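S.K.: Here you go, sequence then predicted model.
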Amino acid sequence: MGRPPYGAFDRTVEAAAFRGGLKALVGWSATMGGTGRVRTWDGRKLEPGEIVLLHWVPGLGHQMVQLLRTIHAQHLNPTPLTPADFAGVAPQRRSLDGD
């Protein structure tokens, strides 16, 4: 699985991912910002099935702790992504920021 840069899906990205051996391209519906707050694409609270994007940056550990607190406070449970999660799902066609 891979995440296209900036969430940009098009035929060129899909072809490059295929040539690179990826079986699925993954979008996201929420991000974890440097403020330690979760931001969903529609401004609402997290729902089951949301995919939260994190970046490997200074403060990642703190962001993960905050994310887990948010998830558990909403009585949700994190689970790993697997290719089966995307069977029959159309790819995301726009990024979180509407690019």
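M.R.: Here it is on my side, so go on.
S.K.: Run through the helices of this structure in chain order.
M.R.: 11-19, 60-73 (DSSP state H).
S.K.: Out of those helices, the one nearest Arg37 is which?
M.R.: helix 60-73 (7.4 Å; C-beta to C-beta). C-betas here are computed from N, CA, C, even on glycine.
S.K.: What residues sit buried inside that closest one?
M.R.: Gln63, Gln66, Leu67, Thr70, Ile71 (16 or more other C-beta atoms under 10 Å).
S.K.: In the chain, where is pLDDT below threshold?
M.R.: Confidence mapping of the chain against pLDDT under 70 gives the ranges 88-99.
S.K.: quick one on the thing from earlier: okay, the buried residues of helix 60-73 in CSV with distance to Glu50 next?
M.R.: As requested, these are arranged in CSV below (distance: C-beta to C-beta, whole Å):
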residue, distance to Glu50
Gln63, 15
Gln66, 15
Leu67, 11
Thr70, 11
Ile71, 9
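S.K.: out of the residues you listed, which one sits closest to Glu47?
M.R.: Ile71 (11.1 Å).
S.K.: what are the phi and psi values for the nearest residue to that closest one once chain neighbours are set aside?
M.R.: Once flanking residues are discounted, Ile71 sits nearest to Pro78: 5.8 Å by C-beta to C-beta, 6 or more residues apart in numbering. For Pro78, the backbone dihedrals are phi -70, psi 150 (criterion: degrees, to the nearest 10).
S.K.: What separation do you get for Pro78 and Met64?
M.R.: Distance, Pro78 to Met64, using C-beta to C-beta, to the nearest Å: 10 Å.
S.K.: any common contacting residues for the two?
M.R.: Counting by C-beta atoms under 8 Å, 6 or more residues apart in numbering, Pro78 and Met64 have no shared contacts at all.
S.K.: which residue is nearest the middle of this protein?
M.R.: Trp28 (3.0 Å; C-alpha atoms, centre = their mean).
S.K.: these two touch, right, that residue and Leu54?
M.R.: No: Trp28 is beyond contact range of Leu54, at 9.4 Å (criterion: C-beta atoms under 8 Å).
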